[in-house]
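S.K.: Here is a sequence with its predicted model. Questions after.
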Amino acid sequence: MYIAIVEVTDNKKLARYQPCKTEADAIAHSEKYGGFVVKDIGGNSDFWIVDKDKKTITQDTVTENRANVIKDATAEIHRLESTVTPRRIREMTTADGAKWVDNIEKLIAIERAKL
Amino acid sequence: MASKIKVDEIETVDGSGNITVNQPLSGSGAGLTSLPAGNLTGTVALANGGTGITAVGTSGNILTSTGSAWASTAPAGGGFTLKGSPVATTSGSNIDVSGFPAGISMLVIGFMGVGFAAKAQLNVHMGTASGLVDGSGYQGGSVQLRESANPDAVDSTSGFTINEHHSSAAPIYGQMIITRMNTSHAWTASYSMYLHTYENVVGGGYHSGLGGEFTQLRLRGGGNTFNAGSVNFAYLL
């Protein structure tokens, strides 16, 4: 797959693009609507760096990996928080109940450290 | 003074069978017993009782009077048109759909068990003839509601987003309704999805202006692979 990149944002993200099955199709699109042609590198295009001067796209894996870590940690925090129900809070009057919530707090702390 | 020639057969000198007539021929046609349709060519002009058009136009078009002529046009006010058969979402990381007619004012995307190999965030990108529109102009977001869990919310500037933050992939059922707001091709979207099981996603958003007629779209899995279901499209012109 090839991509005719028609427009790029100021922060080097895709603004307008046309996926094409062949390089010839992409070149034809580019000749009609402007821009340049690159080979599709796959992956999540939210994390592509599009350099219109060099006419290249590269995957910003550092930013993508960081975003995925934050997303997963946030989801896990939400999951852990949702386990501390009113019944669990009532049970904190017992030693076992208090320990259970303390353990959840420790797990949440681990996830927070990833953010 | 009129004269009359009576013959049984006229042949050209070279035997080609083509006789050139340089002056108009007239007659009642009463003696014409056969005129095969295959021998007729050209377009019957409006003045002669024909349509005056040479092409039938896009599939689904109807013959419409403009007041002074006939034209092949898309039906207006006739309700929604279903765009062909469902499009499978069983492979690839993007689903591209093109061929939408210009002039659509409302689009409904039906999701029938759209699934991913892993948890994913699905984005819908709209596009014009010059290309699909990515991270400029969108404002959108969605909230995931789950049984016995806090809601997850996500904002996005790169498309109309259906977030899927749970730990395993879940088929998506529901519909996204996208409506054109003005002649600048600004669009708004709203959607409500059921993610099997015990989860729902609701969301909405807008794009400030596509810069042209909407004609194509992409369902983007954000680098994740589609592995189940299908989508279909109904539109209102």
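M.R.: Received the coordinates, thanks. Since the structure is predicted, the reported quantities are computational estimates derived from the model, not experimental observations.
S.K.: From now on I want contacts and neighbour counts done on CA atoms only, so please keep to that.
M.R.: Fine.
S.K.: before we move on, what SS does B:Gly222 have?
M.R.: Following DSSP: H, G, I helix; E, B strand; the rest coil, B:Gly222 is assigned to coil.
S.K.: ignore the last one, A:Val101
M.R.: Under the three-state scheme (three-state DSSP), A:Val101 adopts helix.
S.K.: Could you do A:Asp25 as well?
M.R.: What three-state DSSP gives for A:Asp25 is helix.
S.K.: What's the local residue count around it?
M.R.: Residues lying near A:Asp25 (other C-alpha atoms under 10 Å in any protein chain shown) number 17.
S.K.: mind checking how far it is from A:Val37?
M.R.: 10 Å (C-alpha to C-alpha, to the nearest Å).
S.K.: ok, and what's touching the helix or strand of chain A at the bottom of the mean pLDDT ranking?
M.R.: For chain A, counting by mean pLDDT, DSSP states H and E, helix A:61-83 ranks last in confidence among helices and strands (a mean of 90). Identification of contacts with helix A:61-83 by C-alpha atoms under 8 Å, 6 or more residues apart in numbering or on different chains yields A:47, A:104, A:107-108, A:111-112, A:114-115, B:148-152, B:165-166.
S.K.: And the residues you listed, which of them are buried?
M.R.: Neighbour counting over the contacts of helix A:61-83 (16 or more other C-alpha atoms under 10 Å in any protein chain shown) leaves A:47, A:104, A:108, A:111, B:149-152, B:165-166 as the buried ones.
S.K.: Flag the shaky bits of chain A, pLDDT-wise.
M.R.: Of all residues in chain A, none has pLDDT under 70.
S.K.: wait, B:Leu219 sits on B:Ser91?
M.R.: No. Judged on C-alpha atoms under 8 Å, B:Leu219 makes no contact with B:Ser91 at a distance of 11.9 Å.
S.K.: Which of the two has more residues huddled nearby?
M.R.: In this view B:Leu219 and B:Ser91 are compared by other C-alpha under 10 Å, and B:Leu219 has more residues nearby, 21 against 16.
S.K.: Look up how far A:Leu80 lies from that one.
M.R.: Distance, B:Leu219 to A:Leu80, by C-alpha to C-alpha: 32 Å.
S.K.: number of nearby residues for residue 44?
M.R.: You didn't say which chain, so I picked chain A. Residues lying near A:Asn44 (other C-alpha under 10 Å) number 17.
S.K.: not quite, I wanted chain B
M.R.: There are 13 residues near B:Val44, going by other C-alpha under 10 Å.
S.K.: swap in B:Gln139?
M.R.: Applying other C-alpha under 10 Å, we find 19 residues neighbouring B:Gln139.
S.K.: ok, it - contacts?
M.R.: For B:Gln139, the contact set (C-alpha under 8 Å, 6+ apart) comprises B:155-160, B:205-207.
S.K.: For it, name its beta-bridge partners.
M.R.: Judged by DSSP bridges, the bridge partners of B:Gln139 are B:Tyr206.
S.K.: ok, now B:Val108?
M.R.: For B:Val108, the beta-bridge partners are B:Ile177, B:Ala234 (DSSP bridges).
S.K.: any idea how far chain A is from B:Met193?
M.R.: Applying C-alpha to the nearest C-alpha, to the nearest Å, the value for B:Met193 to chain A is 19 Å.
S.K.: next one: B:Asn232
M.R.: According to C-alpha to the nearest C-alpha, B:Asn232 stands 21 Å off from chain A.
S.K.: Then B:Arg220?
M.R.: Distance of B:Arg220 to chain A, computed by C-alpha to the nearest C-alpha: 9 Å.
S.K.: ok, that residue - contacts?
M.R.: Contact analysis of B:Arg220 by C-alpha under 8 Å, 6+ apart lists B:93-95, B:122-125.
S.K.: Adding pLDDT, write the residues you listed out as TSV.
M.R.: What follows is these, written out as TSV (pLDDT from 0 to 100):
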residue	pLDDT
B:Ser93	91
B:Asn94	93
B:Ile95	95
B:Leu122	90
B:Asn123	91
B:Val124	94
B:His125	94
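S.K.: would you turn those into a markdown table with neighbour count, secondary structure and distance to chain A?
M.R.: A markdown table is the format used below for these (neighbours: other C-alpha atoms under 10 Å in any protein chain shown; DSSP: H, G, I helix; E, B strand; the rest coil; distance: C-alpha to the nearest C-alpha, whole Å):
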| residue | neighbour count | secondary structure | distance to chain A |
| --- | --- | --- | --- |
| B:Ser93 | 21 | coil | 8 |
| B:Asn94 | 20 | strand | 10 |
| B:Ile95 | 19 | strand | 11 |
| B:Leu122 | 24 | strand | 11 |
| B:Asn123 | 21 | strand | 10 |
| B:Val124 | 22 | strand | 13 |
| B:His125 | 22 | strand | 10 |
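S.K.: burial of the residue lying closest to B:Ser130 once chain neighbours are set aside, as a residue count?
M.R.: Among residues not flanking B:Ser130 along the chain, A:Tyr33 sits closest, at 6.0 Å (C-alpha to C-alpha, 6 or more residues apart in numbering or on different chains). Neighbour count for A:Tyr33, taken as other C-alpha under 10 Å: 16.
S.K.: Which phi and psi values does A:Tyr33 adopt?
M.R.: When read as degrees, to the nearest 10, the backbone of A:Tyr33 gives phi -110, psi 0.
S.K.: What are the structural domain limits within chain A?
M.R.: With domains defined by automatic domain parsing, chain A comprises A:2-59, A:62-113.
S.K.: Ends of the first one, what's the gap?
M.R.: The first and last residues of domain A:2-59 sit 16 Å apart, counting by C-alpha to C-alpha.
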